[in-house]
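J.: Compute the structure for the input listed below.
(chains A and B)
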Amino acid sequence: MKNGVEAFFVRLLRVAVVVIGIAGTLSGCSTHAKRLALPRTLFYEGQLESCREHLDKLQKGNRHDRDVANLDLAVVDLLEGQTQQAETRLKEVRDRFDYLEQESMTEKTVSMWTDDSVRSYAGEDYEKILIRVYLALANLMGGGGDAESYTLQIQEKHEAIMQRLWGDAENASTEEASNHTQSGVPSLKIQPAAATATRYRGLPLGFYMRGMLREETHQHYDDALRSYTRASELLPDCMPLRWDISRVQSSVHSQPGCGVIYVFAMVGRGPYKVETVERPTSDALLIADRIVSAVGPYQLPPTIAPIKVPDVVIPPSDINTVGVRVDGQLIGPTASLADIEELAVSTFRADRNRIVARAVARRVIKKATVAAAKQGMSSDGLTSLGMDVAGIAWEATESADTRCWGLLPRDIQVLRVETQSGIRSVQLSPCLSGIPVGPSRKIDIPVTDGRNTYVICWFPDARSPGQVLCSQGIVAPANAR
Amino acid sequence: MRRREWLTGFSVVSLASLLGCRGYQYGHIVKPQSENLVGSHKGGAEVFDPLVDEAVAKLLARQHQGDCPVGPDGQPIKKSICFVGIENKMVEDIGDFKDQLYEQIDSKILESDAFQSISRRMVDAALFETRLRPDSLFIPDNQALFASVLQRQGIPIDYLLYARLTSGTTVRNSSSQRDYLLTLELTNIHTGFADKQSSEIRKGYHKTAMGKVWNYNPFTR
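T.: Below is the predicted model:
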């Protein structure tokens, strides 16, 4: 009877190894980075329709890619002027990422037998803030009824993330900063002593947008001052933010007969993740498993398949600002308010050790499973060799989790221009160190007395055709000059 | 033996999986008689609601005690108040509370027998047209310009009402006390005289559950 039960469990273990091996093989066929390569290329070539088709397929075809593909589709929607559709997609992902902030033990356990790509992607901290920024932008482009709520959500999310990352030290520093705000002097935040420089510190753009909308009310200048000051604390060297602070302290939104144009420039190609081999860790693990196999009671499969981890790639950029002219008069370059490149790299660096540790733990679990199966089956030399090969194959099926919001720009920049109300001609040129390096786009936009008008432009590089979109429901003609 | 180990392992994994499942979010309606939540990091409804109730009631009651002009029909003529806005000078952001506080104060003025409030949209439009900052309306020339714009639309004003939220923080090791003060300033634009009413709520913040007991008992002082 006992032998019968043992035989049953040995068979069960064998089946488990085979099933897990097949599941691992299936899960590790390709990475998100490879699946996104073509849509990215099409996007940067300006073929938005083809890009949308591929992203649609990706979104419907792969459950684990659904959310990030939805984010990329929202960017395409926004640039095509389908602002409501973009808003719907972004809201869906926002709610899902909020839900996925809760850990799932089931997914964690399964990922230890397969790889990280089977886990639901809950988004990086900066992506969660950017979703709300894009929601506000999409809403402003379509009329702006909910934009103020979205800016409040940006603030709320920022505070929740800071509370999680920095604890009460963040609150203390914020209060310290606000105390200085009362006297009208922007102050730098005091960071906790144990803080590493790599942790997410916040996105000034969200605060800037809140200030921008509060200022437009012509009434809540105190809120605008508070928001601009928070943004300035995160970007102390940004001169336009100081001008904004000075304006809301003593002046008004705009002079009678004038309105304001806000140019939001998406500059450069944004960061994305690719799969790389963690060579030192792989070599160390190979030596370790050889030592254990030589001196211990178990024969472990050797670490021939390297450990794969994601890495952030920043594509080279040949532009760094967008030059703005209004009615032929040079206004100046846009100023960076969301350095996504820096955010992506610092966030990844902060998380990298945890990713590698998880990959090592996964390998240990897999090797232990194969060793246990071999011991249970009392396998001879040939069977043992076969199981080692199966174990190596199982390990080789792992792939790195390269999911990310892939169609973000490298930098989001802003320029504020106060100008006479009426139809104004705005010319946007991609620039490198202040010198135009690519074809300009010229659009005519209506500026309303005392109100904001928003322009979104996208210049991925000097060669690619830029995209321009303007608020008040008008998709700009975007003539190349 | 092995079966027992397997069963134990399986049970532990299953239990861990069940415990680690993602949950959903739920909501419920808070009954009117129920107490407000007390914010753990910032002031919320538990602070602002009583501040508004007390300050507005006291200010209007004091104003109501004065002589009230009577119209030809024998009915008292209501004085019109232009509620300019709320200025947040506190250390905390009040986020979405600001507009709600405005509406609460505005509604309470409307409930009064002696006063009537000017529509917020009209106030916004007048500020927009004059391009005046709300805090600059206490300069006589600006006040006259602002009043003239409203009067042109057939809305005479008698009073300007301005609200301001301030805070003061006292820190004692890991605990702190924050005093929230709402000040309402009512200025008669005909005479230039101002009336003022404040209400205050003090709130303690602690890092531990025992912080309140430790800091607010008569034996530690």
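J.: use CA for all of it now, contacts and neighbours both
T.: Will do.
J.: And chain A, is stretch B:152-169 touching that?
T.: No - Stretch B:152-169 lies out of reach of chain A by CA under 8 Å from any CA of the partner chain, never closer than 10.0 Å.
J.: Next, the distance between the ends of stretch B:153-163.
T.: Start and end residues of stretch B:153-163 are separated by 25 Å (CA to CA, to the nearest Å).
J.: For that stretch, report the contacting residues that lie outside it.
T.: When contacts are defined by CA atoms under 8 Å, 6 or more residues apart in numbering or on different chains, stretch B:153-163 is touched by residues B:79-87, B:118, B:147, B:150-151, B:182-190.
J.: helix/strand/coil for the most centrally placed residue in chain A?
T.: Among the residues of chain A, the one closest to the centroid is A:Glu127, at 3.8 Å (CA atoms, centre = their mean). Classification of A:Glu127 using DSSP: H, G, I helix; E, B strand; the rest coil returns helix.
J.: Is it in contact with A:Gly406, as I believe?
T.: No - A:Glu127 lies out of contact with A:Gly406 (CA atoms under 8 Å); the separation is 10.6 Å.
J.: Who are the contact partners of A:Leu90?
T.: A:Leu90 makes contacts with A:70-71, A:74, A:131-132, A:134-135, as judged by CA under 8 Å, 6+ apart.
J.: change it to 10 Å
T.: When contacts are counted by CA atoms under 10 Å, 6 or more residues apart in numbering or on different chains, A:Leu90 touches A:67, A:70-75, A:84, A:96, A:130-132, A:134-135, A:138.
J.: before we move on, back to that, what sits in contact with each of A:Glu127 and A:Gly406?
T.: A:Leu71.
J.: so how far is the helix of greatest length in chain B from its chain's centroid?
T.: In chain B, with assignment by DSSP state H, the single longest helix is helix B:45-64. Computed by CA atoms, centre = their mean, to the nearest Å, the chain-centroid distance of helix B:45-64 equals 10 Å.
J.: Report the buried residues of it.
T.: B:47-48, B:51-52, B:55-56, B:58-60 (16 or more other CA atoms under 10 Å in any protein chain shown).
J.: By mean pLDDT, which helix or strand of the chain comes out lowest?
T.: Answering for chain A, as no chain was given. Least confident helix or strand of chain A, by mean pLDDT, DSSP states H and E, is strand A:479-480 with a mean of 42.
J.: oops, I was thinking of chain B
T.: helix B:2-19 (a mean of 57).
J.: residues of the longest helix seen in chain A that come out buried?
T.: Assignment by DSSP H gives helix A:340-377 as the longest helix of chain A. Using 16+ other CA under 10 Å as the burial criterion, the residues of helix A:340-377 that qualify are A:340-348, A:355-356, A:358-360, A:362-363, A:366-377.
J.: next one: stretch A:134-141
T.: For stretch A:134-141, the neighbour count (16+ other CA under 10 Å) marks A:134-141 as buried.
J.: Of those residues, which is the nearest to A:Pro306?
T.: Checking the buried residues of stretch A:134-141 against A:Pro306 by CA to CA gives A:Tyr134 as the nearest, at 38.3 Å.
J.: tell me how far the host helix or strand of that closest one is from the chain's mean position?
T.: Applying DSSP states H and E as the criterion places A:Tyr134 in helix A:125-141. In terms of CA atoms, centre = their mean, the centre of helix A:125-141 is found 11 Å from the chain centre.
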